[in-house]
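1. Below is the structure, and that's it, no one-letter string:
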């Protein structure tokens, strides 16, 4: 099963696109910024699904990459949040990290408590 995009249309390179990123982060317990067809993004989605989480997907491609990257940097205050390092996961409106962070949290048993705190668990 291929992940479904956050929106049927790519976000345009406008102020509306920038507000869409911020709204998506604040309005969803778990949001996954991903590239269509990215195997690493798919692994993160599957790992979250295994914990009973159905993350909101926000696809990043060449049409919205610069605006999404700019907005993620503004939201987090971190220059290290770049779309070239996707997947990027936010939990409870806060930057959680990428694939490595999610897997490490899973292994150290810190992932489920964070997901529970964000009220993201379906189970």
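-> Perfect, thanks for sending it. Here the structure is a predicted model, which is why all the values come from computation and not from measurement. Numbers count the residues shown, from 1 in each chain.
2. centre of the chain versus stretch 115-122, how much separation?
-> Relative to its chain's centre, stretch 115-122 lies at 15 Å (C-alpha atoms, centre = their mean, to the nearest Å).
3. swap that for stretch 25-41, please
-> Chain-centre distance of stretch 25-41: 3 Å, with C-alpha atoms, centre = their mean.
4. ok, for the most centrally placed residue in the chain, nearest residue in space, not its chain neighbours?
-> Nearest to the mean C-alpha position of the chain, counting by C-alpha atoms, centre = their mean, stands residue 32 at 2.0 Å. Distances taken as C-beta to C-beta, 6 or more residues apart in numbering place residue 55 nearest to residue 32, at 4.3 Å, with adjacent residues excluded. Every C-beta, even on glycine, is put in place using the N, C-alpha and C of the backbone.
5. count of residues packed around the one you found?
-> 25 (other C-beta atoms under 10 Å).
6. Residue 65 versus that one, what's the distance?
-> The gap separating residue 55 from residue 65 is 20 Å, by C-beta to C-beta, to the nearest Å.
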